[in-house]
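Visitor: Dropping the sequence and predicted coords here.
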Amino acid sequence: MDTFEGKMKELLPVKKEERWRVYDRAKGACTCPSCPSYSMCAQGNGEVLFCIMGMSFRCIREDKGCLCPQCPAYPELGLSKKDYCMKGSEKDQRWEKVFG
């Protein structure tokens, strides 16, 4: 089991409210707002932490560059993909690679 899988399995038994608190704390260190692809629309809608929360609902559709691998959460969470704002969360991208 890799780091990402381990971190996600740790959160499975945690109550939903506590899980959201963990995500909210992670949002504080999130570097999404400094990414070239991040938009005013995403900022206005509070969209961040795409690696966990998934792709932008409607705001980010143009790839202007990716800073995901430089984010402090990247090694901490054992992330291996990128462009989360346009391609979906780490979990989504891994699922697609295996089953897509």
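Guide: That came through, no problem.
Visitor: From the contact counts, what lies against the longest helix seen in the chain?
Guide: Longest helix of the chain, by residue count under DSSP state H: helix 16-29. Contact analysis of helix 16-29 by 3 or more Cβ pairs under 8 Å, 6 or more residues apart in numbering; DSSP states H and E lists helix 50-53 as its packing neighbours. (C-beta placed from N, C-alpha, C; glycine too.)
Visitor: Not counting its own residues, what contacts the helix it packs on?
Guide: By Cβ atoms under 8 Å, 6 or more residues apart in numbering, the residues outside helix 50-53 that reach it are 23, 26, 32, 47, 56, 68, 71, 73-74, 77, 79, 81, 84-85, 89-90.
Visitor: just checking, which of those belong to helices?
Guide: 23, 26, 73-74, 77, 84-85, 90.
Visitor: out of the residues you listed, who's nearest residue 43?
Guide: Nearest to residue 43 among the ones in helices among the contacts of helix 50-53 is residue 85, at 12.0 Å by Cβ to Cβ.
Visitor: and the closest one, what is it in contact with?
Guide: 32, 35, 37-38, 42, 47, 50, 55-56, 60.
Visitor: what comes into contact with the lowest-mean-pLDDT helix or strand in the chain?
Guide: Taking mean pLDDT, DSSP states H and E as the measure, the chain has helix 90-99 as its least confident helix or strand, at a mean of 85. Contacts of helix 90-99 from elsewhere in the structure, counted by Cβ under 8 Å, 6+ apart, are 4, 8, 51-52, 54-55, 77, 79-81, 84, 87-88.
Visitor: Any stretches of the protein with poor pLDDT?
Guide: Applying pLDDT under 70 to the chain flags the ranges 100.
Visitor: now the contacts of helix 90-99 in CSV, with neighbour count and distance to residue 99?
Guide: Formatted as CSV, the contacts of helix 90-99 follow (neighbours: other Cβ atoms under 10 Å; distance: Cβ to Cβ, whole Å):
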residue, neighbour count, distance to residue 99
4, 19, 17
8, 15, 17
51, 26, 20
52, 23, 20
54, 18, 17
55, 19, 18
77, 18, 21
79, 22, 19
80, 14, 17
81, 20, 15
84, 26, 18
87, 17, 15
88, 20, 13
